[in-house]
Each structure stands twice: as structure tokens, then as C-alpha cells.
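J.: generate a structure from the sequence data that follows.
(one chain, ligands or ions: 3)
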Amino acid sequence: MRTHVVDHPLVAHKLTVLRDQATDSPTFRSLTEELVTLLAYEATRDVRVEACEIHTPVAPTTGVRLATPGPLVVPILRAGLGMLEGMMRLLPTAEVGFLGMVRNEETLEAATYAERLPDDLSGRQCYVLDPMLATGGTLAAAIRFLVDRGADHITAVCLLVAPEGLARLEEELADLDVPVTIVTSALDERLNEKGYIVPGLGDAGDRMYGVAAG
Ligand SMILES: O=P(O)(O)OC[C@H]1O[C@H](OP(=O)(O)OP(=O)(O)O)[C@H](O)[C@@H]1O
Ligand SMILES: O=c1cc[nH]c(=O)[nH]1
Ligand SMILES: [Mg+2]
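T.: Ligands and ions are numbered 1, 2, ... in the order given. Predicted coordinates for the structure are as follows:
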């Protein structure tokens, strides 16, 4: 597994505003989109392309286009939904599949409550969107789900990751022979006793959409 922390002053600036508890929901949502577009530029460095012949108004030439089948973008509901538009700005022709997952805040175990994805992901490159990689339970389950369906290349885009979550992914996904890359704007210090990332930004879903029951 490879982890890439994007080192760019605009990423750091936007992340700082997201972390600030004084930032309101509309600002949080629009900054998330902007930040994800910057992360998406790095996350798509190895998006699959194929050669193609075209004619410019002046001469024939060889270029590249996205390979077929194209990438699948998978936001993890709820909070991953707030990252979708930022990603689609760079991959407007990508297909989108949805996974609804929630972490039990007592046990910290992840559960899947919704799934809307192609049945067969053979040969598909998948981009998973989830703002927070905390204990890693949610992302580990999501990645295994996609690989079990046939996905052969996984990139997860996360606003923030915790060292504990990265270690869990390394351990739980060690048996996969599919390349997994995590692209993030920061590797934070640790988790607190409630499984929240420190310093983090709080509950990403709540900050985007309001406090959810349960
Ligand atoms: O790494 P983990 O410890 O599994 O935690 C990370 C998960 O927690 C949050 O989702 P949450 O369960 O709060 O659902 P929500 O997006 O609906 O708020 C976050 O968006 C991740 O999906
Ligand atoms: O810090 C955290 C941890 C899990 N989920 C969040 O939204 N924030
Ligand atoms: Mg939440």
C-alpha cells in the first residue's frame, strides 16, 4: 500500500479552514470540493489511458484518451458524497457507484447499509472517496468489497488520515494482490479515546450535513 500526502500550500490553506470549528457548513462543503479537486489531480496520476489518433486543424497526431472501461468513482455515504463533485470535475465521464457505510460510535465497527454498484468490476480502476480514515474499519471494508467484485486498482482519496488507520489497512489488506494507494492532504497525529482524528476536523458528515441520529 502506498500513501501520498499532497504537499501544496493551497491544500494546507484549505485544510486549515476546514479544521477550524468556526467554519460553517456551506463553506465547509464548498472548500471540500475545492480541496478534493486538488487531491484528485494527484490521485489520477496513474489513471489508465490509451493511445489514440486524432487530426488537429493542422495535422494528424497521436494523443491519449481515458482507457475503456473507464474509472469508477465510489463515494462512501454520507460524508464521501461531499467529495463527489470535486472529483468529477477532473473525471467528468467516470461512472459513479455508491456505498453507504456508518461507523457505530460505541464499538467503532463499520456497517454497510446501502450499495449501488455494477455487479462486475473486473478490470476496473476504482477511486474511493471518504474524507476520514480514522480506525480504518470503514475503508478496509469498502476496499475489500470492491476487490471482491473484481476491481484491480484502488485509489482512496481522504481529506485526513490517522496513523492507526493506515496501520490497520496495511494489516487487513496485506493478502490483496491489487495495488492500493491512499491520497490525502494530511497525516494527523493520532486517534483520541472516541476514535476521532486529532487534531482532525471533527465529524465530517455532521459538519457537511448536520448531526445525524444514531
Ligand atoms: O476509519 P473509521 O474509524 O471507520 O471512521 C471513518 C468513517 O467515519 C465517518 O463516517 P460516519 O460513520 O460518521 O458516517 P457519516 O459519513 O454518515 O457521518 C467517515 O466519513 C468515515 O466513513
Ligand atoms: O475524526 C473523525 C473520525 C471518524 N469520522 C469522522 O467524521 N471524524
Ligand atoms: Mg459521521
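J.: which strand or helix spans residue 40?
T.: Counting by DSSP states H and E, the element that carries residue 40 is helix 25-43.
J.: chain center to that helix: distance?
T.: 11 Å (C-alpha atoms, centre = their mean, to the nearest Å).
J.: can you give me the buried ones in that helix?
T.: Using 16 or more other C-beta atoms under 10 Å as the test for burial, helix 25-43 gives 28-29, 31-33, 35-40, 42-43. For every residue, glycine as well, the C-beta is placed using N, CA and C.
J.: contacts only, for the residue in the chain positioned nearest to ligand 1.
T.: Nearest residue of the chain to ligand 1 (C-beta to the nearest ligand atom) works out as residue 205 at 2.2 Å. Residues in contact with residue 205 (C-beta atoms under 8 Å, 6 or more residues apart in numbering) are 78, 79, 212.
J.: near ligand 2, which residues of this protein are found?
T.: Contact residues (C-beta under 6 Å from any ligand atom) of the chain with ligand 2: 132, 134, 195, 196, 197, 200, 203, 204, 205.
J.: to what extent is the closest residue to residue 48 other than its chain neighbours buried, counted in neighbours?
T.: Spatial nearest neighbour of residue 48, excluding adjacent residues (C-beta to C-beta, 6 or more residues apart in numbering): residue 67 at 4.0 Å. Other residues within reach of residue 67, judged by other C-beta atoms under 10 Å, total 14.
J.: kindly report the same for residue 177.
T.: Neighbour number of residue 177 under other C-beta under 10 Å is 6.
J.: quick revisit: which residues does the helix holding residue 40 contact?
T.: With C-beta under 8 Å, 6+ apart, helix 25-43 has contacts from 4, 6, 8, 10-11, 14-15, 17-18, 23, 82-83, 85-87, 89-91, 127, 129, 131, 155, 157, 159, 181, 183-185, 207-210.
J.: so which residues on the protein come close to ligand 3?
T.: Residues of the chain found near ligand 3 (C-beta under 5 Å from the ion) are 203, 205.
J.: ranges for the helices of the chain?
T.: Per DSSP state H, the chain carries helices over the ranges 9-19, 25-43, 84-88, 137-148, 163-172, 204-209.
J.: now render the ones you listed as JSON lines, adding distance to residue 96.
T.: Listed next are the helices of the chain as JSON lines, based on distance: least, C-beta to C-beta, whole Å:
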{"stretch": "helix 9-19", "distance to residue 96": "23"}
{"stretch": "helix 25-43", "distance to residue 96": "14"}
{"stretch": "helix 84-88", "distance to residue 96": "7"}
{"stretch": "helix 137-148", "distance to residue 96": "13"}
{"stretch": "helix 163-172", "distance to residue 96": "23"}
{"stretch": "helix 204-209", "distance to residue 96": "18"}
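J.: what residues are up against the residue of the chain most remote from its centre?
T.: Farthest-out residue of the chain from its mean C-alpha position, per C-alpha atoms, centre = their mean: residue 58, at 40.3 Å. Contact analysis of residue 58 by C-beta under 8 Å, 6+ apart lists nothing.
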